[in-house]
Each structure stands twice: as structure tokens, then as C-alpha cells.
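Asker: after the sequence you'll find the predicted model.
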Amino acid sequence: MPTNRILIIDNEVAFTEVVKLTLEASGRYEAHVENDASRAMATAHAFKPELILLDMVMTGGGGGAVAAQIKSEPELKHVPIVFMTAMVARNEPNRGERNIAGHPLLAKPMRASELLGCIERQLARRDTR
């Protein structure tokens, strides 16, 4: 079964390594990490992801600005983005999949099942467009 390429953009090194290991352990994904927001575009162009996990709050550029850059690029604008943030508690009401600017939002830390389920839904939606 072919694997989907997932780019994780987040300045928290330990968090990104856990997410990368979780994705790769599923056997369905090839994951690449970028911990520097200023290099996110170059990394996205080089890696050619099929989905991007993007932190909302990063040093060197916020997730919203990075998402806007990605969506302005002809080669990347079709790539689904899933925002992640620690600014929203997992146990808040309406904890399900939230959206920001039409992109899903996951509260950090998230369960592996939440992460994998969200990715699967986004990739399935992309494939039906």
C-alpha cells in the first residue's frame, strides 16, 4: 500500500518527533519534520507533502501566515492543512474537530487515534475533490 507524505511543521522538537514516530508506526505515512517556520515553504516544496500538520503558534512565523503562504503557491494550494495548538484544551466543550479558516484544528497533545482519524478524513476529502 502506498504511503502518504505528511509534513509536520512545529517548533517543538520533542512533540514533532513523537508525531513522526506515531505516523510512521502506522505503516501508512512517510513523515518529515520542519521545526523552523521560516523554512516551512522550502521544505514543503522539496518534500511535496500530501497533508501538512501545522502548529498555530511558532517562533519565526505563526501558523496562519505559513498557511496563507502555502495556499498562495500553485504547487501547494491543494494540500490539506490540519492546524494544531496547545492554546485550546482537549477537555473544553465542543472538543471534537474544530475548524479555523476552513482547516481542522486539533488540540495538543492529542491521542494517536484522534490524529490518525483526522488525517484519514482530510485525505479522503482531498481524494473526492
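Answerer: Everything's here; your move.
Asker: alpha carbons only for contacts and neighbour counts from here, please
Answerer: Fine.
Asker: adjacent strands (with direction) for the helix or strand of the chain with the lowest mean pLDDT?
Answerer: Here the helix or strand of the chain ranked lowest by mean pLDDT, DSSP states H and E is strand 98-100, holding a mean of 72. Here strand 98-100 has these sheet partners by DSSP bridges: strand 103-107 (antiparallel).
Asker: for the partner strand, the averaged confidence score.
Answerer: For strand 103-107, the per-residue pLDDT values average out at 90.
Asker: same question for that strand: list its buried residues.
Answerer: In terms of neighbour count (16 or more other Cα atoms under 10 Å), strand 103-107 has its buried residues at Pro104, Leu105, Leu106, Ala107.
Asker: correct me, but the first one touches Val82?
Answerer: Yes. The pair Pro104 and Val82 qualifies as a contact (Cα atoms under 8 Å) at a distance of 5.1 Å.
Asker: would you reformat the buried residues of strand 103-107 as JSON lines and include distance to Glu114?
Answerer: As requested, the buried residues of strand 103-107 are exported to JSON lines (distance: Cα to Cα, whole Å):
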{"residue": "Pro104", "distance to Glu114": "12"}
{"residue": "Leu105", "distance to Glu114": "11"}
{"residue": "Leu106", "distance to Glu114": "8"}
{"residue": "Ala107", "distance to Glu114": "10"}
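Asker: just the closest of those to Lys71, please.
Answerer: For these, the closest approach to Lys71 (Cα to Cα) belongs to Pro104, at 14.9 Å.
Asker: for that closest one, what are its contacts?
Answerer: Ile81, Val82, Phe83, Glu97, Arg98, Cys118 (Cα atoms under 8 Å, 6 or more residues apart in numbering).
Asker: Val33 and Pro74, how far apart?
Answerer: Going from Val33 to Pro74 by Cα to Cα, to the nearest Å gives 22 Å.
Asker: the more surrounded of those two?
Answerer: A direct count of neighbours by other Cα atoms under 10 Å for Val33 and Pro74 places Val33 higher, at 20 against 8.
Asker: done for today, thanks.
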